[in-house]
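# Starting from these lines, generate the structure:
(chains A and B)
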Amino acid sequence: MNLVDTARQARLYSMYRTFFDKAEQERRWNPLRDVPYDKINKDAPEQLVMVAETFCCVESYLPDYVAKGINVVRPYFGQAWFSANWAYEESKHSVALLEYLLQSGRRTPEYMFDLQSRLMTVEWKLPFDTSRQMTIYGCFQEMATFVIYVKQEQRAKELGDECLATIFRLNARDEIAHCRFYEDVVKVLLEEDRLGTLRDIGLVAKHFQMPGVGIVPDYEERVKVMREEGKVDRAVFLQKVFFPVLKYLEVTRQELQDAVWSEKEERRISAAE
Amino acid sequence: MASSRAELLTIFQKTATEVVEREFTNISEKTVISELGIDSLGMLEIVGSMERQLKIQLPDEALAGIQTVEDLLSLVEKRQAP
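Here you go, the predicted structure:
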């Protein structure tokens, strides 16, 4: 391992240490004890329950996210340990959602465990190849999930479901913490190789999809319900996800586009030679 | 020199075809961009390409409001105005 790698390792560990300390001090919660299941609105519309089920489905691919995601960052202690911690936090999200679905009486155990088994017949695949690309993907995906949870929390409140609103709020708080960690790592990567990282941001943005696409049954229908319930559309994605991530990374859209264009131009020239 | 509205529509159509790698033949100003199967990030790529071709820059905060081709072309036209 060279000195640059050692320096990066030290920075990543420092980031993980900060993230972990804050999580232990401020964000630890128990999905079985800290959620008011006695405040479920058992008459909530089916759309709201469907939103919870969809989140639960997406979170159910945790075994794949962990197994595949952690290997990409295995050489980097801080990031690998973050992944382990991330998995623990995500596991609580699915437990809370599953408990809501069961304790509300809106889904039976048979239905949920059958659904779980059906979900596991398909594997989630890494959307990108490198640790840098996956870290950038993490920024957008976690921020998008955070925004959707916040929107759905508002909706659950409007519909008088204090339990589900609490779950969405706790999950959202974890997601934004994950997003910040990924963003801080990307800032380091930008310092090390700005052009290469910008090009990877462009690549990830071009091919970005949420993790449930193509694997969760009836995903399009589910997303439609989620969009209608949470009022999430194109404008929300750009305003609340894409531009805020770029702003945090101190990258402008123009700089990003220039990096992508220069890469295309290099490819064109090299193909012509 | 500023491009006419018809020219802008042609530029949009050509750029969308290149970005999405699918032939678009029947685009009008009333077309809703998402109905072409172009998501928000795809639209940003189209915007970036049009900015480069027309040597203009659109403000980020205006992009989120774009729904139709007309919305985008009006923004471009405004930016081209002397």
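# Only C-alpha atoms from now on, for both contacts and neighbour counts.
Noted.
# Grab the nearest non-local neighbour of residue 65.
In the absence of a named chain, chain A is used. residue A:124 (7.2 Å; C-alpha to C-alpha, 6 or more residues apart in numbering or on different chains).
# switch to chain B, that's the one I care about
Once flanking residues are discounted, residue B:65 sits nearest to residue A:235: 5.9 Å by C-alpha to C-alpha, 6+ apart.
# Run a quick neighbour tally on the residue in the stretch 151-273 of chain A that chain B sits nearest to.
Per C-alpha to the nearest C-alpha, residue A:235 is where the stretch 151-273 of chain A lies closest to chain B, at 4.3 Å. Residue A:235: 17 surrounding residues under other C-alpha atoms under 10 Å in any protein chain shown.
# What of residue A:35?
By other C-alpha under 10 Å, the residues close to residue A:35 number 21.
# residues from chain B in reach of chain A?
B:39-42, B:45, B:48, B:60-61, B:63-66 (C-alpha under 8 Å from any C-alpha of the partner chain).
# Dump these to a markdown table, plus secondary structure.
As requested, the residues of chain B next to chain A are exported to a markdown table (DSSP: H, G, I helix; E, B strand; the rest coil):
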| residue | secondary structure |
| --- | --- |
| B:39 | coil |
| B:40 | helix |
| B:41 | helix |
| B:42 | helix |
| B:45 | helix |
| B:48 | helix |
| B:60 | helix |
| B:61 | helix |
| B:63 | helix |
| B:64 | coil |
| B:65 | coil |
| B:66 | coil |
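# and the strand or helix carrying residue A:118, which residues are buried?
In the assignment (DSSP states H and E), residue A:118 maps to helix A:109-119. By 16 or more other C-alpha atoms under 10 Å in any protein chain shown, the buried positions in helix A:109-119 come out as A:112, A:115, A:119.
# Name the residue of chain B that lies nearest to chain A.
Closest to chain A within chain B is residue B:64: 4.3 Å, counting by C-alpha to the nearest C-alpha.
# And for that residue, nearest residue in space, chain neighbours not counted?
Closest to residue B:64 by C-alpha to C-alpha, 6+ apart is residue A:235, at 4.3 Å.
# what's the helix or strand for that neighbour?
helix A:234-236.
# The residue nearest to residue B:65 touches residue B:60, doesn't it?
No: contact criterion C-alpha atoms under 8 Å: residue A:235 and residue B:60 do not qualify, at 11.2 Å.
# Report whether residue A:269 is found in a helix, as I expect.
Yes: applying three-state DSSP, one finds residue A:269 inside a helix.
# Look up how far residue A:196 lies from it.
According to C-alpha to C-alpha, to the nearest Å, residue A:269 stands 18 Å off from residue A:196.
# Of the residues of chain B next to chain A, keep whichever come out buried.
B:39-42, B:45, B:48, B:63-64, B:66.
# would you list those in JSON lines and tack on distance to residue A:201 and pLDDT?
What follows is those, written out as JSON lines (distance: C-alpha to C-alpha, whole Å; pLDDT from 0 to 100):
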{"residue": "B:39", "distance to residue A:201": "17", "pLDDT": "85"}
{"residue": "B:40", "distance to residue A:201": "15", "pLDDT": "85"}
{"residue": "B:41", "distance to residue A:201": "12", "pLDDT": "85"}
{"residue": "B:42", "distance to residue A:201": "14", "pLDDT": "87"}
{"residue": "B:45", "distance to residue A:201": "13", "pLDDT": "90"}
{"residue": "B:48", "distance to residue A:201": "15", "pLDDT": "92"}
{"residue": "B:63", "distance to residue A:201": "19", "pLDDT": "92"}
{"residue": "B:64", "distance to residue A:201": "19", "pLDDT": "87"}
{"residue": "B:66", "distance to residue A:201": "23", "pLDDT": "92"}
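# Can you give me the neighbour number for residue B:28?
14.
# That one contacts residue B:72, doesn't it?
No: using C-alpha under 8 Å, residue B:28 makes no contact with residue B:72, being 12.0 Å away.
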